[in-house]
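Q: Provided below are the primary sequence and the corresponding predicted coordinates.
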Amino acid sequence: MFSHIMLGSNDIARSKKFYDATLGVIGCKPADPNDKGRLAYVHAGGRLIITRPLNGEPATAANGGTIGFAMNSAEQVNAWHKAGVENGGEAIENPPGMRHTSMGDLYLAYLRDPDGNKLCAMYKAA
């Protein structure tokens, strides 16, 4: 359904540190700014792009929006969360752990990136 997700950043260097660390946990290579100053992370057919807003206004987080990243294990969720907190992210909601949902048992962790975007790491337990 999605070709890519693009998020605004007010500080590309700060975002690079955060996303290089958190997405490195799932196997993404560190991103280097392209000629437009954007960071592009590519993994498993997905693309996450970090950019300064084109209109010159400050980047803001979506109210009610969450971007979820698929993980291979509860341990990977924990490593993602730890990398995020250690690299400028903010732990939010409950600590990483199992949630019993209508979608089944999910191991989840939530962070806000340095610009306030809400992120989730999710492992669907067998």
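A: Everything's here; your move. Numbering: from 1, shown residues only.

Q: Please count neighbours and contacts with C-alpha atoms only from this point.
A: Noted.

Q: which residues of this protein fall in helices?
A: 12-24, 74-86 (DSSP state H).

Q: Determine the longest strand present in the protein.
A: With secondary structure taken from DSSP state E, the chain has its longest strand at strand 104-112.

Q: quick one, it and helix 74-86 angle?
A: Interaxial angle of strand 104-112 relative to helix 74-86 (axes from the mean of the first three to the mean of the last three C-alpha atoms, to 10 degrees): 10 degrees.

Q: Tell me where the chain has strands.
A: Under DSSP E, the chain gives strands at 5-8, 39-43, 46-51, 67-70, 90-91, 97-101, 104-112, 118-124.

Q: so which of those gets nearest residue 77?
A: Among the strands of the chain, the nearest to residue 77 by C-alpha to C-alpha is strand 118-124 (5.7 Å).

Q: elements contacting the closest one?
A: In terms of contacts (3 or more C-alpha pairs under 8 Å, 6 or more residues apart in numbering; DSSP states H and E), strand 118-124 is packed against strand 67-70, helix 74-86, strand 104-112.

Q: so which of those gets nearest residue 57?
A: The closest of the helices and strands packed on strand 118-124 to residue 57 is strand 104-112. By C-alpha to C-alpha, the value is 20.2 Å.

Q: Make CSV out of the helices and strands packed on strand 118-124 and add distance to residue 118 and mean pLDDT.
A: As requested, the helices and strands packed on strand 118-124 are exported to CSV (distance: least, C-alpha to C-alpha, whole Å; pLDDT from 0 to 100):
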stretch, distance to residue 118, mean pLDDT
strand 67-70, 6, 95
helix 74-86, 12, 98
strand 104-112, 5, 96
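
Q: Let me have the helices of the chain in CSV, extended by distance to residue 112 and mean neighbour count.
A: Listed next are those as CSV, based on distance: least, C-alpha to C-alpha, whole Å; neighbours: other C-alpha atoms under 10 Å:
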stretch, distance to residue 112, mean neighbour count
helix 12-24, 10, 20
helix 74-86, 9, 20
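
Q: just to revisit the earlier point, can you put the strands of the chain in a markdown table and add distance to residue 15 and mean neighbour count?
A: Listed next are these as a markdown table, based on distance: least, C-alpha to C-alpha, whole Å; neighbours: other C-alpha under 10 Å:
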| stretch | distance to residue 15 | mean neighbour count |
| --- | --- | --- |
| strand 5-8 | 10 | 16 |
| strand 39-43 | 9 | 19 |
| strand 46-51 | 8 | 17 |
| strand 67-70 | 15 | 14 |
| strand 90-91 | 13 | 18 |
| strand 97-101 | 25 | 12 |
| strand 104-112 | 11 | 20 |
| strand 118-124 | 13 | 21 |
